[in-house]
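A.B. asks: the following block contains a protein sequence and its predicted model.
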Amino acid sequence: MSEQDPDSGPAFKVPHDLRAEQLLLGTTMRSKDAVADVVEILHPASFYRPAHELIHNAVLELYAAGESTDPIRVAGKLTEQGLLARAGGRDYLHKLVNMVRSTAEAEALATLVEDKALRRRLIVVAERIDRAAHADAPTTDLIDQVQAEVHAVTTGHSPS
């Protein structure tokens, strides 16, 4: 059994919920109403798996064009963009839809996925703050930076 280096810091799992991401995508491909329920909650970059972001973007493009968001149309859109293989392929899209038992939880799933993404963004900000705290900048500047960084993450805007 190997010991962890005490100076390397604690090992932790990056916040994410792949099953919630999969169910959410399956739900949005099964129901256009589900897309309407989540479009204001979820940012495309909130997915942990890059393939899921590709699928979500294809769903949003189809939805915005007033087209069906079913897995056949999504596969077609991803094929047009040359992204189907990177998104997992047709079988993966159908797997996502087949995982869904009810589309009623779309909002809750989107909120969960977005919450995990917010936690990941906070970790990135915390790492930047840690580095800045070890620099020789005035404390008041550090406090201003911390406030701006946290505000940016919680509001979705870039720090000024």
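C.D. replies: Looks like it came in fine. Residues are numbered from 1 along each chain as shown.
A.B. asks: report how many residues lie close to residue 147.
C.D. replies: Using other CB atoms under 10 Å, residue 147 has 11 other residues around it. Placement of C-beta: from N, CA and C, glycine included.
A.B. asks: can you give me how far the helix or strand that it is a member of is from the chain middle?
C.D. replies: Element membership for residue 147, per DSSP states H and E: helix 139-155. How far helix 139-155 lies from its chain's middle: 23 Å, per CA atoms, centre = their mean, to the nearest Å.
A.B. asks: quick one: buried residues of it?
C.D. replies: 145-146, 149, 153 (16 or more other CB atoms under 10 Å).
A.B. asks: quick one: the spatially closest residue to residue 100 that is not a sequence neighbour and residue 76, what's the gap?
C.D. replies: Spatial nearest neighbour of residue 100, excluding adjacent residues (CB to CB, 6 or more residues apart in numbering): residue 26 at 4.1 Å. Plainly put, residue 26 is 17 Å away from residue 76 if you go by CB to CB, to the nearest Å.
A.B. asks: also residue 153?
C.D. replies: On the measure of CB to CB, residue 153 and residue 76 end up 36 Å apart.
A.B. asks: picking that back up, could you single out the nearest of the buried residues of helix 139-155 to residue 103?
C.D. replies: Among the buried residues of helix 139-155, residue 153 lies closest to residue 103 (CB to CB), at 30.1 Å.
A.B. asks: what angle sits between the longest helix seen in the chain and helix 139-155?
C.D. replies: For the chain, the longest helix by residue count, based on DSSP state H, is helix 106-133. Put simply, helix 106-133 runs at 170 degrees to helix 139-155, going by axes from the mean of the first three to the mean of the last three CA atoms, to 10 degrees.
A.B. asks: report the buried residues of helix 106-133.
C.D. replies: 106-107, 109-114, 116-118, 120-121, 125.
A.B. asks: packing partners of it?
C.D. replies: helix 18-30, helix 32-38, helix 139-155 (3 or more CB pairs under 8 Å, 6 or more residues apart in numbering; DSSP states H and E).
A.B. asks: make TSV out of those and add mean pLDDT.
C.D. replies: TSV is the format used below for these (pLDDT from 0 to 100):
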stretch	mean pLDDT
helix 18-30	98
helix 32-38	96
helix 139-155	84
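A.B. asks: give me the pLDDT for residue 6.
C.D. replies: Confidence at residue 6, expressed as pLDDT, is 49.
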